[in-house]
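J.: the following block contains a protein sequence and its predicted model.
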Amino acid sequence: MKRNLLTTLFLSGASFILLQHTASAQLSVTGQLRTRTELRDGQGSLPAEDAKASVFTNQRTRLNLGYNTSRYRFLVSVQDVRVWGADQSTISNLEGSKLFMHQAWGEMILSDSTTINVDNLSVKAGRQEIVYDDARLLGNLDWLQQARRHDAIVLKFSNKGWAADAGFAFNQNHGKDTPGKNGNVYNGTPPAPVVPGTNGIGMMYKSMQYLYLARTTKFGKVNALLFKDDFQKTQTIAGVTTPAEGVNSRITVGGALFATITDALKLNAAAYYQGNNDRFGNTLDAYNLTADAAYSYNKLTINPGFDFLSGNNTTKQGTVNHRFDPLYGTPHKFWGYMDYFYVADPFGVDGNAGRSPGLVDYFIRNRYKASDKLQFTLDLHEFYAANKIADSELSPTGKAATTRRLGTELDVVANYSIFKNVAIEAGYATLFATDNLNLLKAPATTKQERGQWAYLMLNFTPDFLAR
């Protein structure tokens, strides 16, 4: 009886403290459970002639704990990602942990009315998502169940429509200073079957530094980005490649405009240049251009535009790499839901991303908001190579391509909010490919001319302290 009374008193006290925090909007406890059942029949790469479609369900389970005061902010986000049935009922020690820290950061606020009188001046350190604007080059890749995060420190400033962020990261495999484990050498390529990155880069950066500037007005937003990521050099001895001293540095610079012309018309444009060296140390000279317009009429929004990502003339080998890499953004959002370009699966002659001819994407995205709960999207993409496509010893015809056309993709999505914090989403995508696309997706063997993919997703996003 005494133990029960103490337990009751403890729980009552904890509940009282929790409610007090909630009332002052300091403590937040939210979560997510997102299941996605997929049918894949050529998602990511064209299916082989005798391939059969696969069906599976993957799940993300996430718990977020946040705490805000006038002097600091704090967030811990833990998530578990797995495919249903991948674990035995009793997990062996060889299975490994799928529970990992998605975010864990603290943000120290340096500005208030008694110090520097600006909207915000703060320092944010720890594991965090880095997302800017439309997530083209820097995004959290939320579509992927694992998502993306960085171990970094970011100095953040904003005041009266101006914003400036400076970010820094330095990666290491361990914290030891022992023979054979030099603290200056970083192995950024994890062992198989883990696939590093989502843009075919195959290696995590050793360090990165960036500066982001933005100005927001009633007419829209304009920004500029300077981003440098450094990759550990490698050496090959007796056929074995290992990390070596020094880094190869890649520099990306550019900006974007998000303009509101009228309530019904918006225009977006961006231009970025990549130079210095790629991760292998080759001279880099690449660029990305994009523009689109969005016109809304009643419940319908029509959004035509184009993307141009430079690439290499794959009919001949050169010493300069012209392949533009979309850094750490969200390829799934821009270049088709089938994920044929700039994801983990290589896009280039014989599957060599270094021999990628780049990409031109002419698209028209359509959104129809039937109600506050129901929305439909219909996207159409027409893909071309940005440069000449070489022949290949693995090509079914053994001949060079006569055109640059890669194929046509159609994406259809329906999203319905069942009630607050619970939504269901269904999608279907199909791609009609040319022989060129078969050639550029590894392995370049005889494949079907069409790929398709469908999914059904249930998304719970509870706010545990909401009243």
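T.: Nice, I can see it.
J.: Asn117 - how many residues pack around it?
T.: 10 (other CB atoms under 10 Å). Backbone N, C-alpha and C define where each C-beta goes, glycine included.
J.: hang on, it packs against Ser111?
T.: Yes - the criterion here is CB atoms under 8 Å, and Asn117 meets it with Ser111 at 7.2 Å.
J.: shaky segments in the stretch 301-450 of the chain?
T.: 350-351, 391-401, 442-445 (pLDDT under 70).
J.: hey, where'd the helices end up in it?
T.: 331-334, 435-440 (DSSP state H, counting those that start in this stretch).
J.: show me the contacts for the residue lying closest to Ala53 once chain neighbours are set aside.
T.: Spatial nearest neighbour of Ala53, chain neighbours left out: Asp41 (3.7 Å); criterion: CB to CB, 6 or more residues apart in numbering. Residues near Asp41 by CB atoms under 8 Å, 6 or more residues apart in numbering: Pro47, Ala51, Lys52, Ala53, Ser54, Gly451, Gln452, Trp453.
J.: which of those residues has the most neighbours?
T.: Within the contacts of Asp41, neighbour counts (other CB under 10 Å) peak at Gly451, which reaches 26 neighbours.
J.: bridged to that one, which residues?
T.: Counting by DSSP bridges, Gly451 forms beta bridges with Leu431.
J.: that one touches Pro47, doesn't it?
T.: Yes - counting by CB under 8 Å, Pro47 is a contact partner of Gly451 at 6.0 Å.
J.: host element of Val81?
T.: Using DSSP states H and E, the element containing Val81 is strand 72-83.
J.: any buried residues in that strand, and which?
T.: Buried residues in strand 72-83, counting neighbours by 16 or more other CB atoms under 10 Å, are found at Arg73, Phe74, Leu75, Val76, Ser77, Val78, Gln79, Asp80, Val81.
J.: what lies in contact with that strand?
T.: 56-68, 98-109, 122, 124, 145-147.
J.: so what's the residue nearest to Leu226 when sequence neighbours are not counted up against?
T.: Closest residue to Leu226 apart from its sequence neighbours, by CB to CB, 6+ apart: Leu211 at 4.6 Å. By CB under 8 Å, 6+ apart, Leu211 lies in contact with Ala164, Asp165, Ala166, Leu225, Leu226.
J.: let's see if you can find the most crowded of those residues.
T.: Ranking these using other CB under 10 Å puts Leu225 first, with 23 neighbours.
J.: now the host helix or strand of that one: buried residues?
T.: In the assignment (DSSP H and E), Leu225 maps to strand 220-237. Buried residues in strand 220-237, counted by 16+ other CB under 10 Å: Lys221, Val222, Asn223, Leu225, Phe227, Lys228, Asp229, Asp230, Phe231, Gln232, Lys233, Thr234.
J.: now swap in stretch 51-68 and tell me
T.: For stretch 51-68, by 16+ other CB under 10 Å, it's Thr57, Asn58, Gln59, Arg60, Thr61, Arg62, Leu63, Asn64, Leu65, Asn68.
J.: could the residues you listed be laid out in a markdown table, adding distance to Ala370?
T.: Shown next, in a markdown table, are those (distance: CB to CB, whole Å):
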| residue | distance to Ala370 |
| --- | --- |
| Thr57 | 27 |
| Asn58 | 28 |
| Gln59 | 28 |
| Arg60 | 27 |
| Thr61 | 30 |
| Arg62 | 29 |
| Leu63 | 33 |
| Asn64 | 31 |
| Leu65 | 36 |
| Asn68 | 37 |
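J.: how many neighbours does Glu245 have?
T.: There are 10 residues near Glu245, going by other CB under 10 Å.
J.: ugh, wrong one, I meant Thr217
T.: There are 10 residues near Thr217, going by other CB under 10 Å.
J.: helices or strands up against the lengthiest strand in the chain?
T.: Identified as the longest strand of the chain according to DSSP state E is strand 240-260. On a contact count with 3 or more CB pairs under 8 Å, 6 or more residues apart in numbering; DSSP states H and E, strand 240-260 meets strand 220-237, strand 265-277.
J.: low-confidence regions, the stretch 51-200 of the chain specifically.
T.: Across the stretch 51-200 of the chain (using pLDDT under 70), the flagged ranges come out as 87-97, 112-114, 176-183, 190-200.
J.: for it, just list every one of the strands.
T.: 54-68, 72-83, 99-109, 120-128, 150-159, 162-170 (DSSP state E, counting those that start in this stretch).
J.: pretty sure Asn459 sits against Arg34.
T.: Yes - between Asn459 and Arg34 there is a contact under CB under 8 Å: 4.7 Å.
J.: rewinding a little: describe which strands the strand holding Leu225 pairs with in its sheet and in which direction.
T.: By DSSP bridges, strand 220-237 pairs with strand 207-217 (antiparallel), strand 240-260 (antiparallel).
J.: convert the C-alpha atoms of the first one to CSV, please.
T.: Same thing as strand 207-217. Taking C-alpha atoms only, strand 207-217 is exported to CSV below (Å, rounded to 0.1, in the frame of the first residue of the first chain):
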residue,chain,number,x,y,z
SER,A,207,34.7,18.0,-43.6
MET,A,208,32.4,20.7,-44.9
GLN,A,209,31.9,24.4,-44.5
TYR,A,210,29.2,26.6,-45.9
LEU,A,211,27.7,30.1,-45.9
TYR,A,212,24.1,30.7,-46.7
LEU,A,213,22.6,34.2,-47.2
ALA,A,214,19.0,35.1,-47.8
ARG,A,215,16.7,38.1,-48.1
THR,A,216,12.9,37.8,-47.7
THR,A,217,10.4,40.4,-48.7
